[in-house]
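A.B. asks: no sequence on this one, just coordinates:
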């Protein structure tokens, strides 16, 4: 089969990105040079500049590309869910499964946001807020329908994402938990944490009575 025009360059750019992610995650952005990345790929350092103008552009590229792919993947997945409870469980499953083979990307998201220049930080943070917004929407709709008890949706969304993303740092496929079991445990923790209990049902009823004129 004939190779498409430009495919050599695209493949080289992909290899450069992969190398940058590995090295940034392993050694930290500040400790890695363009020369280090070139050596990892087996190129002359000057060849990197055919694809990226500098190391900062490379960091922005790998972080933003990861977030955009994550958002697109979830938006496709989300159409499968008919109600907030299903969507929440689906989100937990999706997030855990998506990130388990992307541990280096997770490490960058945690540790290298600080290394982005202000304009680049704004780009990546905007994508992170967009993704978080999908979870906030699930929680908000569930709250409005009386399915979830969520006193503060933004705080709940951040707490859930922190727990789910953190799992990729400690989970080991050869450990005592299968990925399926990990998903079930996390889904249960999240759902039970948002369930209406007798205590918060009573509180909700008190709040509602205050709003109803005598």
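C.D. replies: That came through, no problem. Predicted model, so just to flag it, every value in this text is computed and none were measured.
A.B. asks: C-alpha from now on. contacts and neighbour counts both.
C.D. replies: OK.
A.B. asks: where are the low-confidence patches of the chain?
C.D. replies: 1-7, 196-214 (pLDDT under 70).
A.B. asks: any idea which helix is longest in it?
C.D. replies: The longest helix of the chain (DSSP state H) is helix 118-144.
A.B. asks: Mind listing residues that contact the helix or strand just after it?
C.D. replies: As assigned by DSSP states H and E, the chain's next helix or strand after helix 118-144 is helix 153-170. For helix 153-170, contacts defined as C-alpha atoms under 8 Å, 6 or more residues apart in numbering pick out 92, 95-96, 99-100, 103, 106-107, 132, 135-136, 139-140, 150, 186, 190.
A.B. asks: what does the domain assignment say about this protein?
C.D. replies: Split into domains by automatic domain parsing, the chain comes to 7-52, 55-196.
A.B. asks: In JSON lines: those domains, plus mean neighbour count.
C.D. replies: Output for the domains of the chain, formatted as JSON lines (neighbours: other C-alpha atoms under 10 Å):
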{"stretch": "domain 7-52", "mean neighbour count": "16"}
{"stretch": "domain 55-196", "mean neighbour count": "16"}
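A.B. asks: This structure: helices as residue ranges?
C.D. replies: 7-27, 34-41, 45-48, 55-78, 84-99, 103-111, 118-144, 153-170, 179-194, 198-211.
A.B. asks: between the fifth one and helix 55-78, how big is the angle?
C.D. replies: It stands for helix 84-99. For helix 84-99 against helix 55-78, the angle between stretch directions is 140 degrees (axes from the mean of the first three to the mean of the last three C-alpha atoms, to 10 degrees).
A.B. asks: Packing partners of helix 84-99?
C.D. replies: If contacts are counted by 3 or more C-alpha pairs under 8 Å, 6 or more residues apart in numbering; DSSP states H and E, helix 84-99 sits against helix 55-78, helix 118-144, helix 153-170, helix 179-194.
A.B. asks: Can you name every helix or strand that the first one contacts?
C.D. replies: Think helix 55-78. Packed on helix 55-78, when contacts are counted by 3+ C-alpha pairs under 8 Å, 6+ apart, are helix 7-27, helix 84-99, helix 103-111, helix 118-144.
A.B. asks: okay, the angle between it and helix 7-27?
C.D. replies: Using the same axes, to 10 degrees, the inter-axis angle of helix 55-78 relative to helix 7-27 is 100 degrees.
A.B. asks: Contacts for helix 55-78, please.
C.D. replies: With C-alpha under 8 Å, 6+ apart as the test, helix 55-78 has contacts from 17, 20-21, 33-34, 52, 87, 90-91, 94, 98, 105, 108-109, 116-117, 120, 123-124, 127-128, 130-131.
A.B. asks: and if you look at stretch 15-31?
C.D. replies: Against stretch 15-31 from outside (C-alpha under 8 Å, 6+ apart): 32, 37-38, 40-41, 48, 58-59, 62, 104-105, 107-108, 112, 115.
A.B. asks: Swap in 6 Å and give it another go.
C.D. replies: 37, 104, 107-108 (C-alpha atoms under 6 Å, 6 or more residues apart in numbering).
A.B. asks: All set now, cheers.
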